[in-house]
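Asker: Whatever this is, show me its structure:
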Amino acid sequence: MKLSRTQIGGILLAIYGLLQLALLATGDIKIEDFGLVYNGNNYSVDATLYYLQLGKWVVAPALALVAGVLSFIPAVKAIFSNLDYYVAAVSLFAIVAVFVLAGYAVSVFDADFGSIILGYPGEEFTIFGLARIGLVLVFAALVLSVLDLLKRFGVDFSFGSGAAANATSGLKAFMKTLLDASLENFISRKVSGVLYIITAWLIILSAALLEVLVLLELLRGNILAFFGLLLVPVFTLLALIIVRMAFEAGIALIVIAENTKK
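Answerer: Residues are numbered from 1 along each chain as shown. Predicted coordinates:
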C-alpha cells in the first residue's frame, strides 16, 4: 500500500501522541499535579498553567493520535478527503501548545525556556527525552502535510528516478526561457503560483507567531492584547486578499500580453 505524505505525517503524529500519553500511563505525569505551583510554604493552583499543561500533555497528544488513526480509515470520507488540513492543524496546535506553555513558564516563573523544550544538560535519557524528541516528529508531520497542501495548488514535490528526469527536463526548459534575451517567452505564469503560495504561507506563519506573542501578553495580564487576538486574523485575511489581487493583476497583464503577441 502506497502511503501519501499526509498519511506518513499522521503516523508521526500518532507516535508523538503515544509518547506523550505514555507519560500519563506510567505515572511520570499526573493530571492532578497540573497547575500546582510551590510558593515556598505550600502549593497553590495556577489556573492558566493548569489549562496550558492540559493542552500540552493531554489534548494535543490525543488529537495527534486521532489524526494518525484517521489517516488509515478511508470510510471517514469527509475527514479523510481533507486529511492534509487536519494533520497540519493538529501539528500547529501541538507546536503552539508546547511553546506557549514554555513561554508562560518563562515569563511567570522565570523558568529556563531551553531546558523546558530540549531538556537539562546531562539529563538522564528517559521517556521524557523520547517525548521531547517527539516534537521533532510533529514538525516533520507539518512539513509533509504542507507538501500535500501545496499539491492541491499544482505545486508538487516528487522524488525518485522518474521525478528526477521530469525535474531535469523541466529545469532545462525553464532555464532556456529564463535566459531568452529576446524576452519573447514569459515565465511569470510559471513562477507566480509558487511565489504566491510561498508568500501566502509566510503571511500565515507570521500571523500564527504574532498570535502566540499576543497570547503571551494576554497571559501576562495585558488586557489590550485581547483586541490583538481579534485584529491579527482580520489583518492577515486582508493581507492575503491584497497579495492575491496583486498577483492576479500581474497575471492578467501577462495574459493580455500573450494574447496580443498571438
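Asker: Report the mean per-residue pLDDT for stretch 143-155.
Answerer: Stretch 143-155 shows a mean pLDDT of 70.
Asker: would you put the C-alpha positions of the helix or strand that contains residue 66 in CSV?
Answerer: Under the criterion DSSP states H and E, the helix or strand holding residue 66 is helix 60-70. Output of helix 60-70 as CSV, limited to C-alpha atoms (Å, rounded to 0.1, in the frame of the first residue of the first chain):
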residue,chain,number,x,y,z
ALA,A,60,-2.6,17.8,21.7
PRO,A,61,-1.4,14.2,22.1
ALA,A,62,-5.0,12.9,21.9
LEU,A,63,-5.7,14.9,18.7
ALA,A,64,-2.4,13.7,17.3
LEU,A,65,-3.3,10.0,18.0
VAL,A,66,-6.7,10.5,16.4
ALA,A,67,-5.0,12.1,13.3
GLY,A,68,-2.8,9.0,12.9
VAL,A,69,-5.8,6.6,13.2
LEU,A,70,-8.0,8.6,10.8
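Asker: Would you mark the buried spots in that helix?
Answerer: 60-61, 63-68, 70 (16 or more other CB atoms under 10 Å). Where you see a C-beta, it was placed from the backbone N, CA and C, and this is true even at glycine.
Asker: Go ahead and name everything in contact with it.
Answerer: For helix 60-70, contacts defined as CB atoms under 8 Å, 6 or more residues apart in numbering pick out 10-21, 76, 79-80, 83, 86-87, 90-91, 93-94, 97-98, 138.
Asker: roughly how far out does that helix sit from the chain middle?
Answerer: Computed by CA atoms, centre = their mean, to the nearest Å, the chain-centroid distance of helix 60-70 equals 15 Å.
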